[in-house]
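1. just a sequence and a predicted model for now, questions to come.
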Amino acid sequence: MKKIRFGILGSGYMGRTHAEAIKQLGDRAALTAISGGRRAAGLAQQYGIAEEPTAEALIRRADVDAVIVTTPHHVHADATVYALQQGKHAMVEKPLATTVEDCDRMMAAATAGKRVLAVGYQQRFRPNNLEAWRLIRAGAIGKVETVQSNMAAQRVEGVSSFGSDWQWWNDPASIGHLINALPHAIDQIRWWTGADITTVSAFCRTLLPDIKVEDTTMALAGFSNGTIATLYSSRALPHANFDTESFRFRVVGSDGLIDLDSYEQLRLADAKGWRVMSTQPKVGHLNADTAFLESRMQAYRDQMTSFIAAINGEPTPAGAPQVGSAGDGRAAVAACCAIVASSQQRRWIDLPAGRGGQ
């Protein structure tokens, strides 16, 4: 495996996360530079790397083979296109972009430059989600008929333990909370079933005071294989969250059931009754003191390993997940934009067939 040299755009929570993941890969990867955000100088000092004044300067460095994009959502596209045009590979934190048109620009640049463009779907690499994929693909519950997904979060006010005031969530240029949260749920269902979303219907609401963007969505989605799903996301729960509901799926198959809490247990029900199939160690992603421990970093490290393998043209081992593709990223953006349009127009929205998996 050829060592890949990385530069990171963005120095917030996810910038630090990817810096730590690259560090943990040892001889397989090297972090050479970072740019963007008020924490860039501190991270550069912490990891012993260069700080560049602009994204363009970082991208032009000869010792950067690939960039990790962790900037605000609405600026993903331009920096990524420039990186691809300069011959760099790119992995972009979800969402890939905020419009389908920007996704298509990014994908066209990757194709033209023969470079790998990936999206950060680290949930694929967490034990429970991966075991659900294996079980569903092996036919353990038969054909997937319905999926209920729940992504609920309590409202965040003031400064977090990470030192952030979370104001980027409130920028209308970044669409709303759903495009930050729902891509993970959409990707999980597409990944498990191998099917694309074909139709959505939704209500999007703003429940929190003093903001102008969506913070709560309830949507229905139809898939190309006949599966139907509910998609719920919110950042507006008062005071607390429902226990075990921050990333929960209930999957009904023709021959069995899966009850998946991505942060606790995966349970399977069939003719033998209910039993625990997998357990996720506590992730601790909401607290700066625990967010960079092994239980969370494992998924990001494995995702980075898969990205490097894709760059090097190495096959994915049987039974292992692949890093999210640009087509996977585009599919979630298309679905989220259709969900917003459905709520605004008060009608079902059909998505063009055959575009999500490019």
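-> Received, thanks. Numbers count the residues shown, from 1 in each chain.
2. now the strands for the stretch 151-300 of the chain?
-> 197-205, 216-223, 228-237, 248-253, 257-261, 265-270, 273-279 (DSSP state E, counting those that start in this stretch).
3. stretch 9-29: which residues count as buried?
-> Neighbour-count burial for stretch 9-29, with 16 or more other Cβ atoms under 10 Å as criterion, is recorded at 9-25, 28-29. Using the backbone N, CA and C atoms, a C-beta is placed for each residue, glycine as well.
4. with adjacent residues omitted, what lies nearest to Trp348?
-> Ranked by Cβ to Cβ, 6 or more residues apart in numbering and with sequence neighbours excluded, the top spatial neighbour of Trp348 is Ser201, at 4.7 Å.
5. now Ala132
-> Using Cβ to Cβ, 6+ apart and skipping the chain neighbours, the partner closest in space to Ala132 is Leu260 (5.2 Å).
6. what's opposite the one you found in the beta bridge?
-> Phe249, Leu266 (DSSP bridges).
7. angles on the backbone of the residue positioned nearest the centre of the chain, please.
-> Centroid-nearest residue in the chain: Tyr121, 3.6 Å away (criterion: Cα atoms, centre = their mean). Note on Tyr121: backbone dihedrals following degrees, to the nearest 10 are phi -110, psi 70.
8. that one and Gly327 touch, don't they?
-> No - in this structure Tyr121 lies outside contact range of Gly327 using Cβ atoms under 8 Å: 11.8 Å.
9. map the structural domains onto the sequence of the chain.
-> For the chain, automatic domain parsing gives the domain ranges 4-122, 125-285+323-350.
10. can you tell me the average pLDDT over the first one?
-> Going back to what we said before, that points to domain 4-122. Taken as a whole, domain 4-122 has an average pLDDT of 97.
11. now the end-to-end length of it.
-> Using Cα to Cα, to the nearest Å, one end of domain 4-122 lies 19 Å from the other.
12. cool, the longest one as well?
-> Across its full length, domain 125-285+323-350 reaches 30 Å end to end, with Cα to Cα as the criterion.
13. now the helix ranked longest in the chain, how far from the centre of its chain.
-> The single longest helix within the chain, with elements called by DSSP state H, is helix 326-345. Centre-to-centre, helix 326-345 and its host chain are 14 Å apart (Cα atoms, centre = their mean, to the nearest Å).
14. list the helices and strands it packs on?
-> Judged by 3 or more Cβ pairs under 8 Å, 6 or more residues apart in numbering; DSSP states H and E, helix 326-345 is in contact with helix 100-113, strand 117-120, helix 178-193, strand 197-205, strand 216-223, strand 349-350.
15. how close does the residue nearest to Trp348 get to Asp187?
-> To Asp187, Ser201 is 20 Å away according to Cβ to Cβ, to the nearest Å.
16. between the two, which has more neighbouring residues?
-> Asp187 (22 against 17; other Cβ atoms under 10 Å).
17. okay but that one is in contact with Gly324, surely?
-> Yes - here Asp187 reaches Gly324: they are 6.4 Å apart, a contact under Cβ under 8 Å.
18. ok, back up a step: could you dump the domains of the chain to TSV with distance to Arg301?
-> As requested, the domains of the chain are exported to TSV (distance: least, Cβ to Cβ, whole Å):
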stretch	distance to Arg301
domain 4-122	5
domain 125-285+323-350	8
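19. so which of these is the most packed in?
-> Using mean count of other Cβ atoms under 10 Å, the stretch among the domains of the chain with the largest mean neighbour count is domain 4-122, at a mean of 21.
20. starting at the chain centroid, how far to that domain?
-> With Cα atoms, centre = their mean, you get 15 Å for domain 4-122.
21. in the stretch 1-150 of the chain, which spans are strands?
-> Counting by DSSP E, counting those that start in this stretch, the stretch 1-150 of the chain has strands at residues 4-9, 29-35, 50-51, 66-69, 89-93, 117-120, 144-154.
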